[in-house]
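Asks: What would the 3D arrangement of this be:
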Amino acid sequence: MDFTLSEDQQAIADLAARIFEDQATPERVKEVEGGTDRFDRALWTKLAEANLLGIALPEDVGGSGYGIVELCLLLEQQGKRVAPVPLLPTLAMGALPIAELGTPEQRARWLPGVIEGHTILTAALAEVGSGTLGPGVTAEPDGVGWRLDGTAMSVPAAHLAARVLVPARMPGGDLGVLLVDPTGPGITRQLARTTDRAIAAHLSFAGASVGPEDVLGSPDGASPVGRVLDRAVVALCAVQVGVAEEALRMAAEYTSGRHQFGRPLATFQGAALKAADAYIDTEAMRATMWQAAWRLSQGMDATDAVAVAKWWAADAGHRVVHTTQHLHGGLGADVDYPIHRYFLWGKQIEVTLGGASQQLARLGREIAAAAR
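Replies: Predicted coordinates:
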């Protein structure tokens with residue numbers, strides 16, 4: 001399988017790298033982390049001006065017409081700089097599903113605002129992403145629309161979002177996805193700080209009303225939840241690849257410049273073997289992520305590939321950030337030194353949308369079902 005980037009893809013990656021490198025400096029990230037909404041609006045504006053927010057969206061709504069592969073290139077660069085902007089919730093969890101499954105009216109209403117940088121979207125995928133739990137929200141008919149009750153936990157960027165894609169148990173047991181205003185009547189938000197210092201919200205629904213025009217996909221068609229979740233998981237894996245790659249680069253730079261007994265730390269066998277293992281882990285994460293992204297981009301079944309990619313992102317991802325922190329010695333635990341953010345992001349991504357055990361269980365269910 002050849003994962004060599006095309007000229008256009010390389011140009012996208014280079015452009016994203018330049019913007020994140022210029023804007024998301026450690027000093028700027030620290031400044032945004034001290035703010036109230038943990039959102040770097042200046043960087044968001046730069047990404048919009050470069051049309052990177054529309055990179056995976058259709059041309060008929062103002063996007064560039066690329067897809068999940070190009071979106072992953074963008075997210076990998078975000079991971080390298082641990083930049084506090086809601087790219088994953090807005091583009092992978094919100095805009096991409098609306099572009100693929102939304103009605104013409106939904107696409108026209110929400111996607112141009114995303115591309116211009118005015119609209120933030122997100123999705124409540126924590127429960128369905130766990131692999132064992134169904135959504136905590138139910139939808140019952142209410143006139144021509146729907147009434148929502150229940151809870152959705154740890155919704156990323158819900159304090160910024162204009163709409164949340166909410167998976168809900170529909171009458172008959174099927175899963176639907178509804179576009180919900182998180183500030184609407186019947187909905188309460190409880191904000192929480194996550195491990196990576198971002199802000200998420202626990203949403204409670206008590207008779208919240210949703211109109212028929214805000215149902216994503218056909219109510220009588222196949223459930224869109226799996227498609228939404230698969231794209232979100234692969235995008236999350238792309239962020240983890242960037243986190244691991246940059247954390248390892250920083251560890252190599254540090255151990256090459258710091259000397260002990262007259263030699264760089266990097267030349268000691270113990271440090272070199274740890275770094276080599278981290279490099280192998282990072283490349284395995286990269287290969288499995290691209291395999292899953294490519295299958296999704298080709299319209300192929302990616303169920304197993306997505307679970308394999310997330311298993312590597314969770315299991316190897318946490319191993320890499322632990323190793324790179326240890327290779328920094330005492331500086332690894334210093335919250336004024338940038339490497340600690342890579343540890344926090346790596347641990348957050350490890351458990352988000354299902355950890356390693358959940359992915360193994362998912363693969364086991366698929367194998368058992370195929371053997372019947």
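Asks: can you map out the strands along this structure?
Replies: Along the chain, the stretches classed as strands by DSSP state E are 121-123, 137-142, 145-156, 163-169, 175-180, 187-193, 199-210, 215-216, 259-260, 263-264.
Asks: measure stretch 325-341 end to end?
Replies: 10 Å (Cα to Cα, to the nearest Å).
Asks: same deal with stretch 263-277?
Replies: For stretch 263-277, the first and last residues are 21 Å from each other (Cα to Cα).
Asks: Turn the strands of the chain into a markdown table, including mean pLDDT, distance to residue 245 and mean neighbour count.
Replies: Bear in mind the C-beta positions are built from the backbone N, C-alpha and C, glycine included. Putting the strands of the chain into a markdown table (pLDDT from 0 to 100; distance: least, Cβ to Cβ, whole Å; neighbours: other Cβ atoms under 10 Å) gives the following:
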| stretch | mean pLDDT | distance to residue 245 | mean neighbour count |
| --- | --- | --- | --- |
| strand 121-123 | 98 | 26 | 29 |
| strand 137-142 | 95 | 37 | 18 |
| strand 145-156 | 96 | 22 | 20 |
| strand 163-169 | 96 | 29 | 25 |
| strand 175-180 | 94 | 33 | 24 |
| strand 187-193 | 96 | 26 | 14 |
| strand 199-210 | 97 | 25 | 20 |
| strand 215-216 | 94 | 34 | 22 |
| strand 259-260 | 92 | 25 | 12 |
| strand 263-264 | 96 | 21 | 12 |
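Asks: Adding distance to residue 13, write those strands out as TSV.
Replies: Supplementary listing: the strands of the chain in TSV, determined by distance: least, Cβ to Cβ, whole Å:
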stretch	distance to residue 13
strand 121-123	24
strand 137-142	37
strand 145-156	24
strand 163-169	27
strand 175-180	31
strand 187-193	31
strand 199-210	28
strand 215-216	30
strand 259-260	35
strand 263-264	31
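Asks: what's the closest of those to residue 41?
Replies: Ranking these by proximity to residue 41 (Cβ to Cβ) places strand 199-210 first, at 14.1 Å.
Asks: And the closest one, what does it pack against?
Replies: Identification of packing neighbours for strand 199-210 by 3 or more Cβ pairs under 8 Å, 6 or more residues apart in numbering; DSSP states H and E yields strand 137-142, strand 145-156, strand 163-169, strand 175-180, strand 187-193.
Asks: pull the helix or strand with minimum mean pLDDT from the chain.
Replies: Comparing every helix and strand of the chain by mean pLDDT, DSSP states H and E singles out helix 126-129 as the least confident one, with a mean of 84.
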